[in-house]
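> let's see this in three dimensions:
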Amino acid sequence: MEKLREETVREWISEKRVAQDEKKETVNDLLPPEDFLAVKTEEDIPEGDTLIQEIKEKIKVLLNLGEKKGLAYAVKEAERSNNPLLTDLFHDILVKDRNYERFLKK
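Numbering: from 1, shown residues only. Here you go, the predicted model:
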């Protein structure tokens with residue numbers, strides 16, 4: 001789980017830098033995909049499944065929502081997902097190295 005958290009944060013930061021150079025985000029860019037509420041747990045992940053990449057993408061959406069609409073909104077979206085793995089990983093990312101403070105300062 002630690003490796004997944006670190007990879008997700010690194011990818012999100014990298015993609016954010018590229019996105020800032022390419023274009024400004026619109027509100028539609030921040031909306032979660034239709035299948036965002038799919039329920040999955042870590043035990044549901046078969047070997048070779050694309051779920052890990054999906055979880056990373058959903059975490060990035062939540063991080064973007066946190067920056068644009070506030071941390072409380074992003075946390076509610078994570079909870080609404082009914083996905084314990086997603087919620088747990090998002091929480092870990094916010095708590096690790098006090099990342100949540102960056103969102104609260106805005």
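
> give me the neighbour count for residue 99.
Residue 99 has 14 neighbours, counted by other C-beta atoms under 10 Å. The way it works is simple: take the backbone N, C-alpha and C, and place the C-beta from them, glycine included.

> no wait, residue 70
Residues near residue 70, counting by other C-beta under 10 Å: 14.

> the closest residue to it other than its chain neighbours and residue 50, how far apart?
Distance criterion C-beta to C-beta, 6 or more residues apart in numbering; nearest residue to residue 70, sequence neighbours excluded, is residue 103 at 7.3 Å. Residue 103 is 28 Å from residue 50, where distance means C-beta to C-beta, to the nearest Å.

> these two: who's more crowded?
Just comparing residue 103 and residue 50: by other C-beta under 10 Å the higher neighbour count belongs to residue 103, 17 against 9.

> name the element that one belongs to?
Element membership for residue 103, per DSSP states H and E: helix 100-104.

> now residue 17: which helix or strand?
Going by DSSP H and E, residue 17 is in helix 2-22.
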